[in-house]
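J.: quick one, structure for this:
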Amino acid sequence: MPSEATGTEKTGEPLKLQPKNLKLDKLAAADVKKINPADLVKTAQGGADQLPAPEDVAEAPKDAEKTASGLASKLLTKGTGTAHPTANDTVKVHYTGWTTDGKMFDSSVQRGEPAQFGLGMVIPGWTEGVQLMVIGEKRRFWIPEEMAYKGRPGAPQGVLVFDVELLEITKAPETPADVAAAPADAEKTASGIASKVLKAGTGTVHPAAADTVEVHYSGWTTDGKMFDSSVSRGETVSFPLDKVIPGWTEGVQLMVEGEQRRFWIPEELAYKGRPGAPAGMLVFDVELIGVKKAPEAPADVAAPPADAEKTASGLASKVLKAGTGTVKPTAADSVEVHYSGWTTDGKMFDSSVLRGQPAKFGLSNVIAGWTEGLQLMVEGEQRRFWIPVDLAYGGKPGRPEGMLVFDVELLKIEK
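T.: Residues are numbered from 1 along each chain as shown. Sure, this is the predicted structure:
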């Protein structure tokens, strides 16, 4: 929703503008970091509800298995599976973690909810250790601090002890044979993106930058290491195409629905210099599942027409569809709306219509042009607003600039 400032509620994110990255909630490629089990979900609270620490929590027993890295482990329950996960696979586990003084710092068991994550995205002790396991197995690990969170503020320190049960393994897509470099027959664009069609699509329309797309994808660095995959998670991802890295914005516009294509994206069009993100040229296999067209920019987006209503503040508006209600909201009310917003050059910067989800907010918690403008409306009404810059974001960094144009449908008023 259009918010006054930054933060939450009154200082909430403006218009749900997504950062220029590829994550968009679950797309981890943009903000790839070493996830740790304690970060996956809320840290367990201390007190009487703590699960008891193992008797050997202080140090690994003599009969523990040890690897060359210093990781120690002990089989607690034999598994039923035969296959071991690889670092690229996604696993589902139950676990509990303690420091060597017996203090529990996290437990999926206590929460009653298993954790699922890419095995290459966790601390080294987990990446190495869980690869020793098979489905159904329970194993205790003593992880040296160099393979855990050494020096990480707020994380448990020293040797850490984990009891882990491996519940599921989702095999990662295979690394492409040509991951190191684009082949000679790859298509290339002027910007340097190389791509190759893996499967022809069934559609005929290409998405535009303002459209929202639904995709499946997997991403690798050129050494063959997979850093993210919606396929492994078993869940497609939807996002506005102009809110991701430039290589995706350009590349996916080459595709049609049903198409599968491999991209080699130069680092200048990916995450060059972004801390914690995958570096260098990146390789993505993308399947375009669906395209949702963005609302078209109004013909009068550049300036309000002569017949627009104007208020003393300079706000201009025009009724697009009469409402069915009789009561207008006040600044103290909450409203539910659908909206799309454009800059005066016709570029759409946000749309709840495109997301398919109405926005709900307190009318006093948004930009001044919205607070004033929506009080002119009744339920069911659709209205176009031309909001002067001083009633919008007033030049705030990172916000859409200048006069803004919004098409708003008032769905509900909550007194």
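
J.: tell me the average confidence for the strand or helix carrying residue 167?
T.: Residue 167 is part of strand 160-170 when elements are defined by DSSP states H and E. Throughout strand 160-170, pLDDT has a mean value of 97.

J.: can you list the strands that whatever helix or strand comes next after that strand pairs with?
T.: Proceeding N to C from strand 160-170, the next assigned helix or strand is strand 187-188, under DSSP H and E. When sheet partners are counted by DSSP bridges, strand 187-188 sits next to strand 194-199 (antiparallel).

J.: how far is the partner strand from where the chain is centred?
T.: Chain-centre distance of strand 194-199: 25 Å, with Cα atoms, centre = their mean, to the nearest Å.

J.: so what secondary structure elements neighbour the helix or strand following that strand?
T.: Counting by DSSP H and E, the next helix or strand C-terminal to strand 194-199 is strand 212-221. For strand 212-221, the packing partners by 3 or more Cβ pairs under 8 Å, 6 or more residues apart in numbering; DSSP states H and E come out as strand 226-229, helix 230-233, strand 237-240, strand 282-292. Glycine gets a C-beta too; all of them are placed from N, C-alpha and C.

J.: so which of those is the most surrounded?
T.: Compared across the helices and strands packed on strand 212-221, strand 226-229 shows the largest average neighbour count, a mean of 24 (mean count of other Cβ atoms under 10 Å).

J.: C-alpha coordinates for stretch 380-393, PDB please?
T.: What follows is stretch 380-393, C-alpha atoms only, in PDB (Å, rounded to 0.1, in the frame of the first residue of the first chain):
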ATOM      1  CA  GLY A 380     -17.800  -0.100  -5.200                       C
ATOM      2  CA  GLU A 381     -16.500   3.100  -6.700                       C
ATOM      3  CA  GLN A 382     -13.600   3.100  -9.100                       C
ATOM      4  CA  ARG A 383     -11.700   6.400  -9.400                       C
ATOM      5  CA  ARG A 384      -8.500   7.700 -11.000                       C
ATOM      6  CA  PHE A 385      -6.300  10.000  -9.000                       C
ATOM      7  CA  TRP A 386      -3.500  12.400 -10.200                       C
ATOM      8  CA  ILE A 387      -1.500  13.000  -7.000                       C
ATOM      9  CA  PRO A 388       0.900  15.900  -6.900                       C
ATOM     10  CA  VAL A 389       4.500  15.100  -5.700                       C
ATOM     11  CA  ASP A 390       4.000  16.900  -2.400                       C
ATOM     12  CA  LEU A 391       1.000  14.700  -1.600                       C
ATOM     13  CA  ALA A 392       2.900  11.500  -2.700                       C
ATOM     14  CA  TYR A 393       6.500  10.700  -1.800                       C
END
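
J.: give me the pLDDT for residue 28.
T.: pLDDT, read off for residue 28, is 33.

J.: for the stretch 301-415 of the chain, just list every one of the helices.
T.: 352-355, 368-373 (DSSP state H, counting those that start in this stretch).

J.: of all those, which lies closest to residue 166?
T.: helix 352-355 (36.4 Å; Cβ to Cβ).

J.: who does the closest one touch, helix- and strand-wise?
T.: Counting by 3+ Cβ pairs under 8 Å, 6+ apart, helix 352-355 packs on strand 334-343.

J.: what mean pLDDT does the strand it packs on get?
T.: On average, the pLDDT along strand 334-343 is 97.

J.: sheet partners, orientation included, of that strand?
T.: Strand 334-343 sits in its sheet next to strand 348-351 (antiparallel), strand 359-362 (antiparallel), strand 404-414 (antiparallel), going by DSSP bridges.

J.: mind putting the ones you listed into a markdown table with mean pLDDT?
T.: Listed next are those as a markdown table, based on pLDDT from 0 to 100:
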| stretch | mean pLDDT |
| --- | --- |
| strand 348-351 | 91 |
| strand 359-362 | 96 |
| strand 404-414 | 98 |
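
J.: that older thread, among the helices and strands packed on strand 212-221, which comes closest to residue 111?
T.: Among the helices and strands packed on strand 212-221, the nearest to residue 111 by Cβ to Cβ is helix 230-233 (19.7 Å).

J.: quick one: contacts of the closest one?
T.: With contacts defined as Cβ atoms under 8 Å, 6 or more residues apart in numbering, helix 230-233 is touched by 26-27, 89-90, 116, 118, 170-173, 215-218, 236-237.
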